[in-house]
Structures are given as C-alpha cells and as structure tokens.
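Peer 1: please find the sequence and the predicted model below.
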Amino acid sequence: MGETSMNVGPESNRTDALACRGVKRRRNAAAIQPSATLAGQPAEWVSEVLSRLRALAVLDDGWDGNNAPRISPTNVEIAMQLLAHVMLSDTPAPEIVPTVRGGLQLEWHVRNVDVELEILSPGRYLLSFEDRSSERELEVELSSDLSPFAEAVRRVSPGQ
C-alpha cells in the first residue's frame with residue numbers, strides 16, 4: 001500500500017487513509033479501532049494510545065474547569081495517523097495531553113531526551129526536541145516534512 005498524505009483533515013476528507021494508518025473514523029470514541037500493525041499483530045503501543053485517545057475524544061467543552069473546547073475529532077485522528085507513521089516496534093507509547101485550544105500534544109520524556117509534538121491544526125505541528133546528553137535542541141513548526149519528528153521519535157526508541 002502506498003504512502004498517504006499526512007495532511008488529513010476536513011479539507012481532505014480521506015477517511016480511508018486514516019483507516020490504513022490506525023483510526024477508523026466513527027461518531028463515538030468507542031468506535032476507534034486499531035489497525036496499525038507490525039507483522040500482522042497490533043504494535044504494543046497501539047492499545048495504550050487508543051485507550052488514551054478514546055478517553056480524550058469524549059471530553060466535553062470546559063474539560064479544564066474553564067472554557068477549553070472539546071478535543072477536535074480531527075486532531076484525534078491525526079494523532080493516531082502521525083504515530084502510525086513514525087513509531088518503531090520498540091518505541092514507547094507517548095503521553096497524550098489535551099491542549100486548551102482543542103488540540104493534542106504527543107510527549108516522550110525518556111533517557112535525557114524530551115520530544116513534544118503539538119498538533120496545531122491539520123498539516124501544522126509544533127515540534128520541540130531536546131537531547132540533554134548531546135545538548136541538541138530544536139523547536140520548529142512542521143507541515144508536510146515530518147522527518148524531524150520521525151528522527152526525534154527514533155531517539156526515544158530503546159534500540160536506537
């Protein structure tokens with residue numbers, strides 16, 4: 001199966017692409033189904049990520065005790081698609097944190113390496129990377145080229 005665009009959102013209406021990347025779009029969070037696989041079996045991180053995404057997908061407006069909007073269903077789908085694109089077999093599942101703008105942030109804090117990717121909107125992501133052992137830091141907005149994110153995720157994978 002060929003690569004699909006990472007720029008999935010309301011303007012692309014590519015639900016079929018999401019299905020092959022890890023999420024089948026449905027109206028309720030319980031219907032999110034795993035499809036990211038390694039050797040025909042779901043990758044270890046998939047069930048943990050799906051559980052967290054399902055919990056975040058059902059948050060109501062004001063979930064933060066103030067006026068934060070509910071998490072955008074598109075951002076939930078994008079998060080799973082991004083992970084299916086960059087995760088390795090030994091990459092630990094990220095922390096998934098809601099943002100007060102209806103977005104999501106994917107985070108890893110492993111072995112002196114911090115990786116944070118905020119999903120700003122379909123096709124716009126803010127990557128923050130710090131490797132304290134090499135004193136390497138990066139903060140950059142990404143769109144179609146997700147290679148800096150993929151490289152950062154490799155750095156938190158044990159086999160790398």
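Peer 2: Yep, it's here.

Peer 1: how about the strands in the protein?
Peer 2: Remark: strands assigned in the chain by DSSP state E are 37-38, 41-42, 95-98, 104-110, 113-121, 124-131, 136-142.

Peer 1: of all the ones you listed, which one is nearest Gly62?
Peer 2: With C-beta to C-beta as the criterion, Gly62 lies closest to strand 95-98 of those, at 12.0 Å. In this view, the C-beta of every residue, glycine as well, is placed from N, C-alpha and C.

Peer 1: contacts for that closest one, please.
Peer 2: Strand 95-98 is contacted by residues 49, 52-53, 56, 59, 63-64, 68, 71, 79, 104-109 when judged by C-beta atoms under 8 Å, 6 or more residues apart in numbering.

Peer 1: hey, which helix or strand in the chain has the poorest pLDDT?
Peer 2: Least confident helix or strand of the chain, by mean pLDDT, DSSP states H and E, is helix 15-21 with a mean of 35.

Peer 1: quick check: which ranges of the chain have low pLDDT?
Peer 2: Where the chain drops to pLDDT under 70, the residues are 1-42, 160.

Peer 1: one step back: could you identify the buried members of the contacts of strand 95-98?
Peer 2: Buried members of the contacts of strand 95-98, scored by 16 or more other C-beta atoms under 10 Å, are 49, 52-53, 56, 59, 63, 68, 71, 79, 104-108.

Peer 1: could I get those as JSON lines with distance to Ala93?
Peer 2: JSON lines is the format used below for the buried ones among the contacts of strand 95-98 (distance: C-beta to C-beta, whole Å):
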{"residue": "Val49", "distance to Ala93": "5"}
{"residue": "Arg52", "distance to Ala93": "8"}
{"residue": "Leu53", "distance to Ala93": "11"}
{"residue": "Leu56", "distance to Ala93": "14"}
{"residue": "Leu59", "distance to Ala93": "19"}
{"residue": "Trp63", "distance to Ala93": "22"}
{"residue": "Ala68", "distance to Ala93": "24"}
{"residue": "Ile71", "distance to Ala93": "18"}
{"residue": "Ala79", "distance to Ala93": "12"}
{"residue": "Leu104", "distance to Ala93": "14"}
{"residue": "Gln105", "distance to Ala93": "14"}
{"residue": "Leu106", "distance to Ala93": "10"}
{"residue": "Glu107", "distance to Ala93": "11"}
{"residue": "Trp108", "distance to Ala93": "9"}
